[in-house]
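Peer 1: this one's structure only:
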């Protein structure tokens with residue numbers, strides 16, 4: 001084996017070893033709502049975190065319900081979401097639902 005090939009092989013092994021020992025990064029902060037549904041005075045939220053311990057802060061006005069979710073993001077991928085049930089002060093009725101992170105209405109989930 002030539003010296004350049006040995007160096008290339010050694011470099012590849014070191015890169016692979018470094019990738020295998022890295023600790024996963026956990027970041028806690030505001031996360032957007034990726035879907036929601038309503039059951040009267042209970043708002044059901046879907047969050048793209050995976051066992052991230054989401055909590056919600058709710059601000060209700062005469063026309064809207066703003067929900068801001070904080071969670072730990074654990075690189076969930078599309079197969080793992082947290083579902084969070086949030087009790088409202090009253091039935092949602094005609095109130096608009098606003099995601100406190102994006103400032104927009106999150107997509108609804110049928111069902």
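Peer 2: Received the coordinates, thanks. Treat the numbers as computed from the prediction; the structure is a model and nothing was measured. Numbers count the residues shown, from 1 in each chain.
Peer 1: Please name the nearest non-neighbouring residue to the residue nearest to the spatial centre of the chain.
Peer 2: Centroid-nearest residue in the chain: residue 48, 3.1 Å away (criterion: C-alpha atoms, centre = their mean). The shortest distance from residue 48 to any non-neighbouring residue, by C-beta to C-beta, 6 or more residues apart in numbering, is to residue 34 (5.2 Å). (Glycine included, C-beta is placed from N, CA and C.)
Peer 1: And residue 72, by the same measure?
Peer 2: Nearest residue to residue 72, sequence neighbours excluded (C-beta to C-beta, 6+ apart): residue 52, at 3.9 Å.
Peer 1: what's near enough to touch the one you found?
Peer 2: 28, 31, 71-74, 76, 82 (C-beta atoms under 8 Å, 6 or more residues apart in numbering).
Peer 1: buried stuff in the biggest strand by length in the chain?
Peer 2: The longest strand of the chain (DSSP state E) is strand 64-73. Applying a neighbour-count criterion of 16 or more other C-beta atoms under 10 Å, one finds 65-73 buried in strand 64-73.
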